[in-house]
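> just a sequence and a predicted model for now, questions to come.
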Amino acid sequence: MRKILFFAGLIFSFSTLFGQAPEGYYVEAIGKSGQALKEAIRDIAKRGVKKHSYNWDVDQTDQIPEKLGKVKLIYTLKEENVGNHKASGKSGYNREHIWPKSLMVPSQSEMWDNQNLRASEPYENSKRGNKRYGSYMPPSVSRGDCARICFFMSLVYDWNIDIVGDQDMLILWSDSDPVDNFEIRRNNELQKAQGNRNPFLDYPELIEYLWGSKYGQQWNPDNGGGGNPNPPVGATLLSEDFNTFPGPWEVKSVKGSNVWKQSKFNNETFAKISGYKKQDIDPETECWLISKDIALPGKGKGVFSFENKNGYFRGVTLEVYISEDYNGDENSANWVKLEAKIDDQEHKKEDGSLTYNPEWVKSGDIDLSQYAGKTINIGFKYIGTKDVNTTYEIDNINISVELPLFIQEVNNNKSSGAIYPNPSHMEISIKNREVNSTVDIFNLTGQKIYTSTENRISVASLKYGMYFVQYTDVNGIKKTEKFLKK
């Protein structure tokens, strides 16, 4: 899929960058990627929904924030007095299904989902009918609104987005027509009326993570998943539940035909491997499950943990390692064994035969402080023989880091406006900065990624997102400010 740039930074101020979701509203999705992220966001989007009904919630939800009592019409941009309902004609308004009813797999729930209803002029509503977007073109300032509603419906009801419009086109519509105050207010009012929110109004970049160029990347919102736009005190660098497999992991088979695979039991997914063979073939098994590159920040304490359990215990066959120089070849890398709690007990049925441990064993918190500022890989190594071939399962892998104190402090303070322009996509300047002093830019985990002494600091090479800029002011005081790269 072609890459599409995201310009949410065009929204006017930090206070309106995101909708005001309750604190922690999206916390279950943080650190997830791919299908696991999609499932987590879907669960959140469906959470707390009251019974849908075909009512006139648009009377409240579609009012213009600056002109309460006036409703904005989605396709004509006309303003109508609240309550001026009309079934036909070019005056008044009706309720338009952004995702047309005839393109649904209908039930009452889907048809009357108020997230999908917008106030519309009856005549223009009829002109649109059930045409796919692209065949029917809303005004440019409404295209993002339509796209984000369509992505909501696709997510919640698991419908193919291409039914209602070309996926890449709708992504571009969302990018080029950012969330505005009307949509932010509408999202808040819909939560009051219906009980849920549209995640793509709170975090428009989620569209890229679920359908676009960032699919498969971990999502870590700058504000910790709701509430005011402040990063979390701690950052999650890796969170894996194996809902997708192998995802960001590599399976490396050295000996034998048994390999790490995704498995599922009682609606829980995990990674699993066994060296057991009924026939005397492949008596030895050696297979690695190796993480993607993980960049640990230069400051803060990194902590690694996971859960594991065994089945049909015939000796310990699982070990966990860390490497600083893995480049795709597990044999040439230098691996250091980590001390972790591995399930090393037999588990038996009432008749005395071996079985699986019904409970997960926690590895304990493994301190990664000595690897601060380094890029590491985690490797789970399975070694089995004809006689020692225990089955192992692993899940809920996590690497988190305690952020540096200066980031924790700046999170609690409002921006002073010293950095300008903010947001920016090319360069920034800093008011009242000490002449020729050093400016350091840090990412959300506290890792220093850029240093400059220039008056105008180029940020063109930075990826979209939130950063921290540390500088010295004219009084010799070191300060830190938030900065949004768009």
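Looks like it arrived, so ask away.

> pLDDT value on D440, please?
Among the per-residue scores, D440 holds a pLDDT of 89.

> that one and V336, how far apart?
D440 is 30 Å from V336, where distance means C-beta to C-beta, to the nearest Å. (Glycine included, C-beta is placed from N, CA and C.)

> surely A21 and D202 touch.
Yes: counting by C-beta atoms under 8 Å, A21 touches D202, with 4.8 Å between them.

> make sure W159 is indeed in a strand.
No: checked against DSSP: H, G, I helix; E, B strand; the rest coil, W159 lies outside a strand; its state is coil.

> contact partners for it?
By C-beta atoms under 8 Å, 6 or more residues apart in numbering, the residues touching W159 are W99, M104, V105, M153.

> next secondary structure after the host helix or strand of E80?
Element membership for E80 (DSSP states H and E) is strand 79-81. Downstream of strand 79-81, the first helix or strand assigned by DSSP H and E is strand 94-97.

> other residues contacting that next one?
54, 56, 58, 74-75, 85-87, 111, 116-122, 125, 128.

> number of nearby residues for P221?
Residues contacting P221 under the criterion other C-beta atoms under 10 Å number 23.

> which residue comes closest to it once chain neighbours are left out?
Excluding its sequence neighbours, the residue lying closest to P221 (C-beta to C-beta, 6 or more residues apart in numbering) is Y203, at 5.8 Å.

> any idea how far that neighbour is from G24?
Y203 sits 14 Å away from G24, going by C-beta to C-beta.

> before we move on, what about S102?
Applying C-beta to C-beta to S102 and G24 gives a distance of 39 Å.

> rewinding a little: so for D440 and V336, which residue has more residues nearby?
Using other C-beta under 10 Å as the criterion, D440 and V336 rank with D440 on top: 15 against 12.

> biggest strand in the protein, by residue count?
As assigned by DSSP state E, the longest strand anywhere in the chain is strand 391-402.

> so which residues of the stretch 151-300 of the chain form helices?
167-176, 181-194, 199-202, 206-210 (DSSP state H, counting those that start in this stretch).

> pick the most buried one from these.
helix 199-202 (a mean of 25; mean count of other C-beta atoms under 10 Å).

> list the helices and strands that one packs on?
helix 34-46, helix 140-157, helix 181-194, helix 206-210 (3 or more C-beta pairs under 8 Å, 6 or more residues apart in numbering; DSSP states H and E).

> mean confidence score for the last one?
Right, the one you point to is helix 206-210. 93.

> check the third one too.
In this model, helix 181-194 has a mean pLDDT of 88.

> now the buried members of the contacts of W159.
For the contacts of W159, a burial check counting by 16 or more other C-beta atoms under 10 Å picks out W99, M104, M153.

> which of these sits closest to R47?
Nearest to R47 out of those is M153 (C-beta to C-beta; 16.4 Å).

> before we move on, back to that, and of the helices and strands packed on helix 199-202, who's closest to G364?
Each of the helices and strands packed on helix 199-202 has some distance to G364 by C-beta to C-beta; the shortest is helix 34-46, at 24.2 Å.

> from the chain's centroid, how far away is the closest one?
With C-alpha atoms, centre = their mean, to the nearest Å as the basis, helix 34-46 stands 9 Å off its chain's centre.

> ok, and for the helix or strand following that helix, which residues are buried?
Of the helices and strands lying after helix 34-46 in sequence (DSSP H and E), the nearest is helix 58-61. For helix 58-61, a neighbour-count test (16+ other C-beta under 10 Å) marks V58, D59, Q60, T61 as buried.

> sorry, back to before: who are the packing partners of the strand holding E80?
Short answer (3+ C-beta pairs under 8 Å, 6+ apart): strand 79-81 packs on strand 67-72.

> the strand it packs on: partners in the sheet, and parallel or antiparallel?
Strand partners for strand 67-72, identified by DSSP bridges, are recorded as strand 63-64 (antiparallel), strand 79-81 (antiparallel).

> is it true that K448 touches V439?
No: using C-beta under 8 Å, K448 makes no contact with V439, being 10.9 Å away.

> more neighbours: which of these two?
V439 (20 against 16).

> for the closest residue to the more buried one other than its chain neighbours, which three-state class applies?
If the residues on either side of it in the chain are set aside, V439 comes closest to Y471, at 4.7 Å by C-beta to C-beta, 6+ apart. Counting by three-state DSSP, the backbone at Y471 sits in strand.

> doesn't G302 make contact with A372?
Yes: between A372 and G302 there is a contact under C-beta under 8 Å: 6.7 Å.

> which neighbours do those two share?
L296.

> compare these two (neighbour count), which wins?
For A372 versus G302, the count of surrounding residues by other C-beta under 10 Å is larger for G302: 23 against 16.

> and the nearest residue to the more buried one once chain neighbours are set aside, how many neighbours does it have?
Using C-beta to C-beta, 6+ apart and skipping residues adjacent in sequence, the residue nearest G302 is L368, 3.5 Å away. Here the count is done by other C-beta under 10 Å, and L368 has 23 residues near it.

> report pLDDT for L368.
Looking at L368, the pLDDT reads 92.

> tell me who's in contact with it.
L368 touches L296, K301, G302, V303, F304, I322, I376, I399, counting by C-beta under 8 Å, 6+ apart.
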